[in-house]
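Q: Got a sequence here, can you build the structure:
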Amino acid sequence: MVPKINVYLSDDLAEAVKDAQIPVSSICQAALEHAVREVTALREHEKTPSAAPGSIPPVALDRYTNRARRAVELATASAGSLRAAGVGPEHLLIGVLDEGGNLAIRILETLGVTPADVRAELNGFIHPGQSAVAEPPLTPLAQTALT
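A: Just a heads-up that it's a prediction; the model follows:
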């Protein structure tokens with residue numbers, strides 16, 4: 001049995017929804033499903049104390065596509081090979097470039113920007129670090145980029 005949930009909207013919002021002819025029930029259902037998944041993932045993460053500080057918990061990566069997860073893996077490998085103390089947004093971009101056939105690359109190419117151009121720009125300001133971390137954690141900026 002599916003429970004009924006009443007949704008109350010302000011008069012202004014109700015009028016806007018009516019004018020736009022938006023199916024409120026399906027939108028509410030989708031929003032609730034999304035919220036339940038997010039809350040469940042957060043609760044599961046709280047139960048897992050083994051996550052390294054600054055790293056994305058494995059649960060968080062579950063919502064990403066295989067290509068996105070692969071890009072994060074490649075970013076981590078890139079930061080490690082550059083002896084960086086952490087995986088930053090620049091490493092995430094390298095991961096996207098190294099992943100290969102993704103939408104981001106197609107969009108760049110449509111704009112006349114090649115992956116080689118982006119890599120050359122990145123090489124201009126990414127310098128090898130002094131860290132010897134096997135799997136560097138995500139920096140706060142990289143975490144923000146992934147959320």
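
Q: By mean pLDDT, point me to the weakest helix or strand of the protein.
A: Least confident helix or strand of the chain, by mean pLDDT, DSSP states H and E, is helix 58-61 with a mean of 59.

Q: next helix or strand past it?
A: helix 66-81 (DSSP states H and E).

Q: tell me what that next one is packed against?
A: When contacts are defined as 3 or more Cβ pairs under 8 Å, 6 or more residues apart in numbering; DSSP states H and E, helix 66-81 sits against helix 58-61, helix 89-99. Glycine gets a C-beta too; all of them are placed from N, C-alpha and C.

Q: For it, give the mean pLDDT please.
A: For helix 66-81, the mean per-residue pLDDT is 90.

Q: Other residues contacting that helix?
A: 56, 61, 64, 86-88, 91-96, 98-99, 102, 133-136, 142, 146 (Cβ atoms under 8 Å, 6 or more residues apart in numbering).
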